[in-house]
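Colleague: Next comes the sequence, and after it the predicted model I'd like to discuss.
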Amino acid sequence: MSPCRVCSHPIREFFDFERQPLSSAFPRPGELDQEYFFRLAVGMCESCTLVQLIDAVPPERAHHQGYPYHSAASSVMCKHFEQTARRFLETELTGADPFVVEIGANDGVMLRTCGDAGVRHLAVEPSGATGVRAHRAFFDVDAATRIRDTDGAADVVYAANTICGVTDLRPIFEGLDVLLAPDGVFVFEDPYLGEIIERTSFDQIYDEHVFFFTVRAVGALATRYGFELVDIERLPVHGGQIRYTIARPGRRAPSPAVADALRTEQARGLAELVTLERFAARVQRIRDDLVALLHELRAGGARIVGYGATAKSSTMANYCGIGPNLIPFVCDTTPAKQGRLTPGSHIPVRPVEAFADPYPDFALLFAWNHAEEIMAKERAFREAGGQWILYVPQVHIV
Ligand code: TYD
Ligand code: ZN
């Protein structure tokens, strides 16, 4: 049995997706022999209850072909990051000459909004390519020390969709201990295990999501590394996330939301293996239903295309064995993905203009986390008689 990445106790496996590719490595048609595969399996730590991947992709493999995240592709995500900045400006960045740091930085929308309000800000991001002032490094004690020596302590350190992919969390917390002001906060948001189970959104599980947090597991994690979980907030974005606020111990009174969430998690059995085994059974059901539906529609002569070449849909397509035989192409707004193939499943990625040229009979929504935004934008597809196929929380047609 593999040891937990945080507390070293054994991890109990509850699902094995078997051989899976890197979810953001979109090969060119001539590069298929170079694809890297690993065993995608998940389990829960017997002791601290943290749900995590059993095998992680070695770091020298993981970063070879990632795509920078573009919140600009989603107006909902842009608004989300702007609102996050405004919240920080109102509640945390209120002292004299405040300083905000983002780990990962996405495409810089949060930091730019703070910068526009005159607040000192810095991205800590190895690629640096975010259009904001950046320290090009992974966040650890060394980076934190350099930043503190140059800019002073940080009032807020923020990370969105980043911490769940960091296999070794200790350097993050060691860095926070160096960089955070005495009353500073570390705020991070990631997909929530409770939501993944509720929606059976199994495709949140892929190489770049190593941890699937709960309030209980994050509370234990914070304590272990010398901090305290003082607040949580549910977020609707990306299929349901939680934003965790972590402070130095005793500096802030924990909000009632933390205790409430712990009670809810207990009632829902989120720390019990049997809950995850039931989830696993529902995942298999989704696969069987989806594959049967696609075959049935194709047999009836229907044309089906995919919409949104997300990282998460890599798990769906590869686990279900869906390739170009069932879905001739998937359309996506990201230029760097267009002209390439989906990882492992080898479905050609085409620009969104291909969607209406002509409209298919059905569109399988790979980017279901943006369902509302995409369906609103593509209203003409439904008006032309087209139908959306969703596979979360179960296979259904709308
Ligand atoms: P994302 O939300 O980042 O999900 P993941 O983390 O699983 O990759 O990816 C959304 C993808 O969908 C991205 O490739 C851009 C694409 N997309 C569209 O093609 N059209 C749209 O309207 C939106 C919102 C996204
Ligand atoms: Zn553990």
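Modeller: Perfect, thanks for sending it. Bear in mind that the values here come from a model prediction, so they are computed numbers and not experimental data. Ligands and ions are numbered 1, 2, ... in the order given.

Colleague: Residue of the stretch 51-200 of the chain nearest ligand 1, please.
Modeller: Going by CB to the nearest ligand atom, ligand 1 is nearest to Ser74 of the stretch 51-200 of the chain, at 3.9 Å. Yep, even glycine has a C-beta here, placed from its N, CA and C like the rest.

Colleague: okay but that residue is in contact with Ala371, surely?
Modeller: No. Between Ser74 and Ala371 there is no contact under CB atoms under 8 Å: 11.5 Å.

Colleague: And the closest residue to ligand 1 within the stretch 101-250 of the chain, how far from Gln204?
Modeller: Nearest residue of the stretch 101-250 of the chain to ligand 1: His238, at 6.3 Å (CB to the nearest ligand atom). To Gln204, His238 is 8 Å away according to CB to CB, to the nearest Å.

Colleague: what sits in contact with each of the two?
Modeller: Pro191 (CB atoms under 8 Å, 6 or more residues apart in numbering).

Colleague: Among Ser74 and Ala371, which residue is more densely surrounded?
Modeller: Ser74 (20 against 17; other CB atoms under 10 Å).

Colleague: which residue packs closest to the more buried one, ignoring adjacent ones?
Modeller: His370 (5.7 Å; CB to CB, 6 or more residues apart in numbering).

Colleague: Now do the contacts for the closest residue in space to Ile54 that isn't next to it in sequence.
Modeller: Among residues not flanking Ile54 along the chain, Ala41 sits closest, at 4.3 Å (CB to CB, 6+ apart). Neighbour list for Ala41: Glu13, Phe15, Asp16, Phe17, Glu18, Leu53, Ile54, Asp55 [criterion: CB under 8 Å, 6+ apart].

Colleague: ditto for Pro254
Modeller: Pro254 sits next to Glu228, Leu229, Val230, Asp231 when contact means CB under 8 Å, 6+ apart.

Colleague: Which residue ranges of the stretch 51-200 of the chain form strands?
Modeller: 51-53, 99-103, 120-124, 134-135, 154-160, 180-191 (DSSP state E, counting those that start in this stretch).

Colleague: Quick one: closest of the ones you listed to ligand 2.
Modeller: Closest to ligand 2 of the strands of the stretch 51-200 of the chain, according to CB to the ion: strand 51-53, at 8.2 Å.

Colleague: Other residues contacting that closest one?
Modeller: With CB under 8 Å, 6+ apart as the test, strand 51-53 has contacts from 4-5, 11, 40-45, 193, 205, 207, 209-214, 217, 276.

Colleague: Can you name the next helix or strand after the longest helix along the chain?
Modeller: With residue count as the measure and DSSP state H as the assignment, the chain has helix 273-299 as its longest helix. With elements assigned by DSSP states H and E, the helix or strand that comes after helix 273-299 is strand 304-307.

Colleague: Doesn't the residue nearest to Ser74 belong to a helix?
Modeller: Yes. Assigned with DSSP: H, G, I helix; E, B strand; the rest coil, His370 falls within a helix.

Colleague: what about it, how many neighbours?
Modeller: Neighbour number of His370 under other CB under 10 Å is 23.
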